[in-house]
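S.K.: Would you be able to build a 3D model of this:
(2 chains)
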Amino acid sequence: MDTVSRSTAAVALRGVHKHYGPVHAVRGIDLDIPGGRTVALLGPNGAGKSTTVGMLLGLTAPDAGEVAVGGLPPRTAVARGRIAAMLQDSGVMPGVTVAELVGLGHRLYPEPLPVAGALELAGLTAVARRRVDQLSGGQLQRLKFALVAVGNPDTMVLDEPTRALDVQGRREFWTAMRGYAATGRTIVFATHYLDEVEQNADRVVVMARGGIVADGTPGSVRALAGGATVRVRLAGPDRPPAPPGGAGWLGASSVRLRGDEVTLRTTDADATVRALVAAPLDWCDLSVTPPSLDDSFLHLTAAAPEEGSR
Amino acid sequence: MSGTGYYLRLECVRMLRDPRYLALAVLAPIGFYLLFSSIFGGGPVPPGQLGGTVEIMVAMAAYGAIWGVLSATGPRISQERASGWVEQLRALPLNARPVVLSKLAAGMLVALPAILLVCLTAVLARGVRLDAWQWAALVPLVWLGSLPFALLGTAVGYAVGAETAFPLSYALYLAMSALGGLWVPPARLSAPLRQAAYLLPSYRLADLGWSVAAGHAPGWADAAVLAGWTLLLGALAALAYHRPRLRRAARPPAPAHGRVRPATGGDTR
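M.R.: I've put the predicted structure just below:
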């Protein structure tokens, strides 16, 4: 299974590079996405997300390396309706109705969903006969989603699908998207909204400066930032026998005592809490704060190597 | 219906729904026909010359057809490039060639009502009568002769931005109509202007119709000049169409807006 063309993964990239003039936009990405998963591509602007998405659709040819979608070359996969995408900054055909436009998608793909089904999935049934020029921002974005969903693709790629949407619009969008994911399809979405990653992705691939800097569940990527925070207040008059010394105490990587409040940083919150329970201390007001994805995201993308350093 | 056929249908449907199309490509030529034919169309017809009502009918049919194809291509293509629809089309299982051909075909199709309705107005309101063969030749010739303008519109649509495309198309339209003798018969123009008119596709398009209406076979000179313009404008359209791809190869995609940030609060799912 060395060549991606024989890979059964929904999406496979091997050693993919892309240059734009002097800019090395994508630097040797290897990525396998098995079918049925929802995967987030997370990264700052210029990380190479959109270029990667473009290569998955065959809109951009890699300078080196291989890309396969369901074992097929990208353009073949697009033509067969195996992959469909909602691109960043894409628009819709002006002057037609919602149902007419989704009807176009219905006729272009080999195994489409019924138009009514795609409209239902996108929550657009009520505005099916409305002109696309009269839709709200949220409706327009869901129309683009419907245009992709009607193709009934195994793999759906969404490049920053909720950019410029308000909170309500984003919530409605992800409700529609989760309905599609629930049918067992693969969804790859690029975003820089961290809460969308937490709530919607099984897996997150963090990109920075053209490379992959982390890959795992949202929880495991979060843990890379250095762990959870455990806090308790000391209730009794007792203080820890010795000043709660440095690292190592209760499995914590750092300990801070301020007044009667103890703050422990730990990579294993469970072990620290168990040790705390077993410790001969009278405490109350336990709180455990998981590491934030924001922290790990900033940590990871800031730590990525500079141009030419590998 | 196949995807491409449906796409062509959508292109026509949205054109026919556009009030600007109806006003400028259909109603304006009919209105001008009624106006000009009542001013210039009444006099006695010298032997061997076309009656005013017929001459103006052909001129206005060409005038409507030219705007039909220009407005269906230039401003629309440029608007679709700006709105991102062209980008979305690239991600659909539809090749670039049928998309561009559908657009050209739609532009050509929406020129037909303009031609037919001017002719119908001439028959009903001014009693114009031609032989069956003349009608059968006149309408298709004026229609097919508007192809260079569809290519001109395509070139404009891919070459300039959405703000510029409409005024530029309209300016080209007015200039070619006026200089090509669609408003004032070229016989009444000064000699240098007349020489210029003979080179223009707008004059040659109308002249095809005038020949047939006068009972002659369409002239080879008309066909040759129109064919020349078709080749020239077709090459320009192809160049304008490929221009962004040539540029894209050398430049990364435009950066996205905004900075990386956690979501703003308030989502209370």
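
S.K.: alpha carbons only for contacts and neighbour counts from here, please
M.R.: Fine.

S.K.: where do the strands sit along chain A?
M.R.: A:11-20, A:23-33, A:38-42, A:64-69, A:83-86, A:155-159, A:186-191, A:203-208, A:211-216, A:228-234, A:254-258, A:261-266, A:283-289 (DSSP state E).

S.K.: Can I get the third one as PDB, trimmed to CA atoms?
M.R.: Once side chains and other backbone atoms are set aside, the C-alpha atoms of strand A:38-42 remain, and they are given as PDB (Å, rounded to 0.1, in the frame of the first residue of the first chain):
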ATOM      1  CA  THR A  38     -15.200  14.500  10.300                       C
ATOM      2  CA  VAL A  39     -11.800  16.000  10.200                       C
ATOM      3  CA  ALA A  40     -10.800  19.700  10.800                       C
ATOM      4  CA  LEU A  41      -7.900  21.300   9.000                       C
ATOM      5  CA  LEU A  42      -7.000  24.000  11.500                       C
END
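
S.K.: Quick one: list the elements packing against that strand.
M.R.: strand A:186-191, helix A:194-200, strand A:203-208 (3 or more C-alpha pairs under 8 Å, 6 or more residues apart in numbering or on different chains; DSSP states H and E).

S.K.: try the first one
M.R.: Here strand A:11-20 is seen to pack against strand A:23-33, strand A:64-69 when contacts are counted using 3+ C-alpha pairs under 8 Å, 6+ apart.

S.K.: hey, which of those strands is tucked in deepest?
M.R.: strand A:64-69 (a mean of 22; mean count of other C-alpha atoms under 10 Å in any protein chain shown).

S.K.: Is that one in proximity to chain B?
M.R.: No: judged by C-alpha under 8 Å from any C-alpha of the partner chain, strand A:64-69 stays clear of chain B, getting no closer than 14.2 Å.

S.K.: quick check: angle from that strand to strand A:155-159?
M.R.: Relative orientation of strand A:64-69 and strand A:155-159, computed by axes from the mean of the first three to the mean of the last three C-alpha atoms, to 10 degrees: 120 degrees.

S.K.: before we move on, the earlier item: let me have the helices and strands packed on strand A:11-20 in JSON lines, extended by mean pLDDT and distance to B:Phe166.
M.R.: Formatted as JSON lines, the helices and strands packed on strand A:11-20 follow (pLDDT from 0 to 100; distance: least, C-alpha to C-alpha, whole Å):
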{"stretch": "strand A:23-33", "mean pLDDT": "91", "distance to B:Phe166": "36"}
{"stretch": "strand A:64-69", "mean pLDDT": "93", "distance to B:Phe166": "41"}
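
S.K.: Mean neighbour count and distance to chain B added to the helices and strands packed on strand A:38-42, as a markdown table?
M.R.: Converted to a markdown table, these look like this (neighbours: other C-alpha atoms under 10 Å in any protein chain shown; distance: least, C-alpha to the nearest C-alpha, whole Å):
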| stretch | mean neighbour count | distance to chain B |
| --- | --- | --- |
| strand A:186-191 | 26 | 9 |
| helix A:194-200 | 18 | 5 |
| strand A:203-208 | 24 | 11 |
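
S.K.: Find the residue closest to residue 52 in space, skipping its chain neighbours.
M.R.: This is for chain A. A:Val26 (7.4 Å; C-alpha to C-alpha, 6 or more residues apart in numbering or on different chains).

S.K.: my bad, chain B
M.R.: B:Gly41 (4.1 Å).

S.K.: mind checking how far the one you found is from B:Pro185?
M.R.: Applying C-alpha to C-alpha, to the nearest Å, the value for B:Gly41 to B:Pro185 is 12 Å.

S.K.: Can you tell me the number of residues neighbouring B:Ala25?
M.R.: 27 (other C-alpha atoms under 10 Å in any protein chain shown).

S.K.: check contacts around it.
M.R.: With contact taken as C-alpha atoms under 8 Å, 6 or more residues apart in numbering or on different chains, B:Ala25 is in contact with B:Tyr63, B:Gly64, B:Ala65, B:Trp67, B:Gly68, B:Ala111, B:Ala114.
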